[in-house]
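Undergrad: the following block contains a protein sequence and its predicted model.
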Amino acid sequence: MNEFVSYDAVNAKLKSRRAFLLSHDDFKNMLELNNVQNVIHYMTKKATYKMFLEDYVNESEIHRHDLEVALWRVTVHEIEKMLHFMSGAYKDFFKLMLQFYELKDVELLIRALIRGDLNPDLSKYFIHSKKYSKIDFNKLLEAKDIVEFTKLLNGSIYYSTVRAIDKHDLTVNEWHLEMKINTAYFKLLNEKAKHLHEKDKIIATRILGERIDKLNVEWIYRAKMFYKLPSEELLLYSLGKGYKISYERLKSLCYAEDMSKFHTLANKYLGREIFEVDNDFLACKMDNWLYTRLSNKENLTNIGTLMVYIYTLEIDQKDIIAIIEGLRYELEKDKIKTYLINNIAT
């Protein structure tokens, strides 16, 4: 192993891991099954999914959130395995990628605290890496108020953001909270990328930038449609410039005079007709846009191979959810396929 990362070892490991995960043929087969339980049983034939889903094989019903938690844990497990072949700046970078799932747990607890629903039962929804997380989540669950909760986060990347929450107004807008925490996270991730070897730095920065482009467009759309936030606030709470969307383009999106103009600009900047007349399947279209970008040859080398593997796992898991929810609501197979991002059987 060299000073930073052994790509030969990691690539060999990734190749071997694919046998334990789901292929395109598996998704085609799952589409042919007639109920949720059969899909769960099918997935447990794959060793990695069996680790996290076998408790649900004999249950008559599995709630969507329980399934999402189990699938997120699969991704955490896969990243942990990668870290064995890394050191130095590369291990720091991927440990921070792993921390994205810790971020989700922190957000979960903050929302529960704001709503007065913080309780030990929430631990069943935790997805963070117990091996690498430095936060004491058991103590967070026992926090009496936001002040105590904030103190327990001291030393973490979330501390300054949570500390800024108005202690006298815990009905803080969840959009603001989500944006603040994610902005801090992606800023730090971009900083970590600067310490990689030059070629890897370029690849990692591009992939992160494309992910930021996607999140910015989605979040600005939500804020304009559902929260009616002022333009200056949208720009302030955005994730900053990405890869295709520069700061000036981002500003144009935030200050678009109406949704029609926003749609036109977003389509132009992303290079695809994401927003159409009815905007059906918008989330699916955005995820498919990111998947297409990730699949570009320029991203499928060195560090890009690892990052694309992680992000593709996330996309696969969304498709698994789409199939299971489609079966739950007894949708036709062709209808379910319209909700899939990448694993579309033909």
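TA: Great, that's in hand.
Undergrad: check contacts around Tyr221.
TA: Contacts for Tyr221 (CB atoms under 8 Å, 6 or more residues apart in numbering) come out as Phe262, Ala266, Leu282. Heads up, the C-betas are built off the backbone N, CA and C, glycines and all.
Undergrad: mind checking which of the residues you listed are in strands?
TA: Nothing among those maps onto strands, per DSSP state E.
Undergrad: need the worst-confidence member of these.
TA: pLDDT is lowest at Leu282 among the contacts of Tyr221; the value there is 87.
Undergrad: spatially nearest residue to Gly209 (excluding sequence neighbours)?
TA: Excluding the flanking residues, the one nearest Gly209 by CB to CB, 6 or more residues apart in numbering is Tyr243, at 2.8 Å.
Undergrad: can you list the contacts of Tyr221 in JSON lines and add distance to Leu229 and neighbour count?
TA: Converted to JSON lines, the contacts of Tyr221 look like this (distance: CB to CB, whole Å; neighbours: other CB atoms under 10 Å):
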{"residue": "Phe262", "distance to Leu229": "13", "neighbour count": "21"}
{"residue": "Ala266", "distance to Leu229": "17", "neighbour count": "25"}
{"residue": "Leu282", "distance to Leu229": "19", "neighbour count": "15"}
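Undergrad: let me have those in CSV, extended by distance to His176.
TA: Below are these laid out as CSV (distance: CB to CB, whole Å):
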residue, distance to His176
Phe262, 20
Ala266, 22
Leu282, 22
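Undergrad: tell me the one of those nearest Glu142?
TA: Of all the contacts of Tyr221, Leu282 has the smallest distance to Glu142: 39.4 Å, by CB to CB.
Undergrad: who's in contact with the closest one?
TA: Contacts of Leu282 (CB under 8 Å, 6+ apart): Tyr221, Ile274, Phe275.
Undergrad: tell me, how many residues neighbour Thr338?
TA: 14 (other CB atoms under 10 Å).
Undergrad: from now on call the first residue 825
TA: Sounds good: first residue 825 from here, last item Thr1162.
Undergrad: who touches the helix or strand harbouring His1000?
TA: According to DSSP states H and E, His1000 maps onto helix 998-1017. Here helix 998-1017 makes contact (CB under 8 Å, 6+ apart) with 913, 916-917, 920-921, 923-924, 927, 930-931, 934-935, 938, 981-982, 984-986, 988-989, 1025, 1028-1029, 1032, 1036, 1039, 1043, 1046-1047, 1051, 1053, 1061-1064.
Undergrad: ok, now with 6 Å
TA: If you take CB atoms under 6 Å, 6 or more residues apart in numbering as the criterion, helix 998-1017 is touched by 916-917, 920, 927, 981, 985, 1025, 1028-1029, 1032, 1036, 1047, 1051, 1061, 1063.
Undergrad: and for the nearest residue to Asn853 once chain neighbours are set aside, the neighbour number?
TA: Nearest in space to Asn853, with sequence neighbours left out and distances taken as CB to CB, 6+ apart, is Tyr866 at 6.8 Å. Residues lying near Tyr866 (other CB under 10 Å) number 16.
Undergrad: what's near enough to touch Ser839?
TA: Residue 839: Lys, not Ser. If you count contacts by CB under 6 Å, 6+ apart, Lys839 has none.
Undergrad: secondary structure element for it, which one?
TA: helix 831-841.
Undergrad: please save the CA atoms from the helix or strand just after that helix in CSV.
TA: Sequence order places helix 848-855 as the next helix or strand after helix 831-841, per DSSP H and E. Extracted C-alpha coordinates of helix 848-855, given in CSV (Å, rounded to 0.1, in the frame of the first residue of the first chain):
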residue,chain,number,x,y,z
HIS,A,848,-29.3,-4.8,-13.2
ASP,A,849,-30.6,-8.3,-13.7
ASP,A,850,-31.6,-8.4,-10.0
PHE,A,851,-33.6,-5.3,-10.4
LYS,A,852,-35.4,-6.8,-13.5
ASN,A,853,-36.1,-9.9,-11.5
MET,A,854,-37.5,-7.9,-8.5
LEU,A,855,-39.9,-6.1,-10.8
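Undergrad: pull out the buried positions in helix 848-855.
TA: Asp850, Phe851, Met854, Leu855 (16 or more other CB atoms under 10 Å).
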